[in-house]
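Peer 1: Okay, here's the prediction I keep looking at, along with the sequence it came from:
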Amino acid sequence: MRIGEFSKRNKVSIETVRHYIDLGLIIPYKNGAQYEFNEKCQKEIESILELKALGFTLNEIKSIFVYETLGKLSVNEKNNVLYDIFDLKQKEVNRKINELVDIESRLINKLKYINTTEIQKSFNLGIDIKNLSLLSCIKCGDELYLEDGNIKNNQILEGKLKCTCGMEYSIKSGILIIDDDFVKNSDEIYNLIIEDYIKETDERYILNLRKGLDWTCNELCKISFKNKVILEIGTGLGFLLRNLYDNLDNSVYIAIDNNIEKHNYLKSLIERSSFKKNIMFICTDFKYIPIKKKSIDIFLDYGGSSNYWFDKNDFSLENILKYLKEDSYVVLSYILFKKFILSNPIKKENRKNFNINYIKEELNKYNFTMISDQKSDYLNKPSIYENYFSDSEEVYSYLYFGKR
């Protein structure tokens, strides 16, 4: 019979049959350019499938076939060799069974631990009293004073911050809210979304994200965070903050986002961590940050601007410069397009923000000195969460570490 009929009869692919032929496990004879398979070939493939089902590798099966072929008529010799091979395999299987039983036992104990362990809140995170010295009014720039504050362990959990010019800002559940008009509410359950995000997003996109976070943390850890004030815009679900958290001793980390629910979610995670760090959550638009001028040592924009530019075009790095000290560091991560298609939902006037040449021109314009930079791999597979591009477009990330 021909290879197609042979493979169909034995429920294996033609490619698999060819592989067995290449290994010498099946030896058909050739009729011109075609292989012909006889009953001997049928017995060979039946033996292969049986031995595979017993756990033998193809190389081990090859050895068995060699002994069976070369040991013909030497029954005792052949049987002794085959006995040793099968005995060795049985011992290997028993060892694996014992290993799997041990793994199962440890998994059961882990499941019991996870099921019975309830992670309690370790502390309340609010606006640290000492952080008031960093804040200023977005209208006049004057200092703010606290009124009607609920303070616990030097953390302002509820209250109002006022300015002599009449501006007033609220602190709710430990988060400073600059203007309710800036607040974006959401009913999404973010712990479930992260699980779903990982499942639904292209593996290469996740890998790019992981590589970017790893590169960013490695670069930042070259400088000391001690007594530094760090500002991140577009904190979101806090992927960068989470990876930097263990290094934030004796520093202030200001997390800016206009999504109050993301802030609440991230803050609740931090409050269940083992060690308390000085994290200040501010809910506001990027253009209205209540921080004093020249007070920031490290500025982080890990995709915050790019996400902002999907809808708006009225923000740039220039809006941040006034907050930065003269010797400050910046870490920037931008989403960029290799090309746009006409139907892309990003407005045409916004698209320059996704061009690497424009981004580099902007960085040069503001006199930053590059320490290092990196481009990610190109991607062209969108997901339900990363749906700002189509499979006809290629996107990538550009990461930049520099100093003023």
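Peer 2: Thanks, I have it.

Peer 1: Using CSV, write out the CA atom coordinates for stretch 196-205.
Peer 2: The C-alpha coordinates for stretch 196-205 follow below in CSV (Å, rounded to 0.1, in the frame of the first residue of the first chain):
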residue,chain,number,x,y,z
ASP,A,196,-7.9,37.0,31.9
TYR,A,197,-5.4,39.5,30.4
ILE,A,198,-2.6,36.9,30.6
LYS,A,199,-4.8,34.2,29.0
GLU,A,200,-6.1,36.4,26.2
THR,A,201,-3.1,38.4,25.2
ASP,A,202,-0.5,37.2,22.7
GLU,A,203,2.4,35.4,24.4
ARG,A,204,4.9,37.6,22.5
TYR,A,205,3.1,40.8,23.8
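
Peer 1: That stretch - what's its average pLDDT?
Peer 2: On average, the pLDDT along stretch 196-205 is 85.

Peer 1: got a list of contacts for it?
Peer 2: I206, D377, L379, K381, P382, S383, I384, Y385, E386 (Cβ atoms under 8 Å, 6 or more residues apart in numbering). (C-beta placed from N, C-alpha, C; glycine too.)

Peer 1: for stretch 54-71, same thing?
Peer 2: So stretch 54-71 is contacted by 20, 23-25, 44, 47-48, 51-52, 77-78, 81-82, 85, 89, 92-93 (Cβ under 8 Å, 6+ apart).

Peer 1: from those residues, which ones fall inside helices?
Peer 2: 20, 23, 44, 47-48, 51-52, 77-78, 81-82, 85, 89, 92-93 (DSSP state H).

Peer 1: Which one of the residues you listed sits in the busiest neighbourhood?
Peer 2: I48 (23 neighbours; other Cβ atoms under 10 Å).

Peer 1: Need the per-residue pLDDT for it.
Peer 2: 95.

Peer 1: can you redo the contacts of stretch 196-205 as TSV with distance to E158?
Peer 2: As requested, the contacts of stretch 196-205 are exported to TSV (distance: Cβ to Cβ, whole Å):
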residue	distance to E158
I206	38
D377	46
L379	44
K381	45
P382	42
S383	39
I384	37
Y385	34
E386	37
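
Peer 1: Give me the buried subset of these.
Peer 2: L379, P382, E386 (16 or more other Cβ atoms under 10 Å).

Peer 1: which residues touch the first one?
Peer 2: In other words, L379. D202, R204, Y205, N208, E394, V395, Y396.

Peer 1: rewinding a little: closest to I335 out of the buried ones among the contacts of stretch 196-205?
Peer 2: E386 (9.3 Å; Cβ to Cβ).

Peer 1: Surely the closest one is within a strand?
Peer 2: No. Using DSSP: H, G, I helix; E, B strand; the rest coil, the assignment for E386 is coil, not a strand.

Peer 1: quick one, what contacts N278?
Peer 2: Here N278 is in contact with D128, K130, N131, L248, S251, V252, Y253 (Cβ under 8 Å, 6+ apart).

Peer 1: Now, the residues you listed that are in helices?
Peer 2: Among the contacts of N278, no member falls in helices (DSSP H).

Peer 1: Farthest pair within these?
Peer 2: K130 and L248 (15.0 Å).

Peer 1: Same drill for those two, tell me which one is more crowded.
Peer 2: L248 (18 against 10).

Peer 1: Now the more buried one, what are its backbone angles?
Peer 2: phi -100, psi 30 (degrees, to the nearest 10).

Peer 1: Likewise for D102?
Peer 2: Per degrees, to the nearest 10, the backbone of D102 is at phi -70, psi -40.
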